[in-house]
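In: Following is a predicted model, sequence given first.
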Amino acid sequence: MTSAAVIIDRSLKAIGATSVLNPAAPELTNDSFEYLIELLNRWSAQNTNFGVTIPDVPGDDLEEPPFVTQALIYTLSSEIAPMARKTPSKHLLHLVSKTYKSMITHKSQN
């Protein structure tokens with residue numbers, strides 16, 4: 001289980017939009033939080049919600065199962081990349097697809 005803030009930070013790091021020496025602008029972090037909420041609502045509407053709690057504030061825990069965490073990070077990172085003026089790498093896009101498929105497979109097995 002991970003907080004929304006941690007998911008956002010890891011997503012920004014995945015696209016090179018934040019680091020210890022060059023942190024992301026607060027506006028980018030706030031916008032990323034809104035994108036995370038939209039992503040979770042979209043997954044819920046597609047019946048791919050795994051009981052993930054939609055956060056009210058970035059510090060809220062998502063209570064996601066472990067197999068959902070990476071899919072959240074990579075999917076969010078690919079969606080916020082244009083806003084951060086970054087281009088998602090082919091490797092990142094591959095990870096988005098791979099982790100999403102893995103998440104769906106895991107759900108169908110349960």
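Out: Yep, it's here.
In: show me where pLDDT drops low in this structure?
Out: Counting by pLDDT under 70, the ranges of the chain that qualify are 49, 107-108, 110.
In: Tell me where it has helices.
Out: With DSSP state H applied, the chain shows helices at 4-14, 26-45, 66-80, 90-109, listed in chain order.
In: Could you pull out the buried residues of the first one?
Out: Yep, that's helix 4-14 we're talking about. Within helix 4-14, the residues that qualify as buried by neighbour count (16 or more other C-beta atoms under 10 Å) are Ala4, Ala5, Val6, Ile7, Ile8, Asp9, Arg10, Ser11, Leu12, Ala14. Where you see a C-beta, it was placed from the backbone N, CA and C, and this is true even at glycine.
In: what's the angle between it and helix 90-109?
Out: An angle of 140 degrees separates the directions of helix 4-14 and helix 90-109 when computed by axes from the mean of the first three to the mean of the last three C-alpha atoms, to 10 degrees.
In: contacts for helix 4-14?
Out: Where contact means C-beta atoms under 8 Å, 6 or more residues apart in numbering, the residues beyond helix 4-14 that reach it are 18-19, 24, 28-29, 32-33, 36, 55, 57-60, 62, 69, 72-74, 76-77, 80, 84, 92.
In: Can you tell me which of those are classed as buried?
Out: Of the members of these, the ones counted as buried by neighbours, 16+ other C-beta under 10 Å, are 18, 24, 28-29, 32-33, 36, 55, 58, 62, 69, 72-74, 76-77, 80, 84, 92.
In: Distance to Ser44 for the buried residues of helix 4-14 - can I get that in CSV?
Out: As requested, the buried residues of helix 4-14 are exported to CSV (distance: C-beta to C-beta, whole Å):
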residue, distance to Ser44
Ala4, 15
Ala5, 21
Val6, 20
Ile7, 16
Ile8, 19
Asp9, 23
Arg10, 21
Ser11, 19
Leu12, 23
Ala14, 23
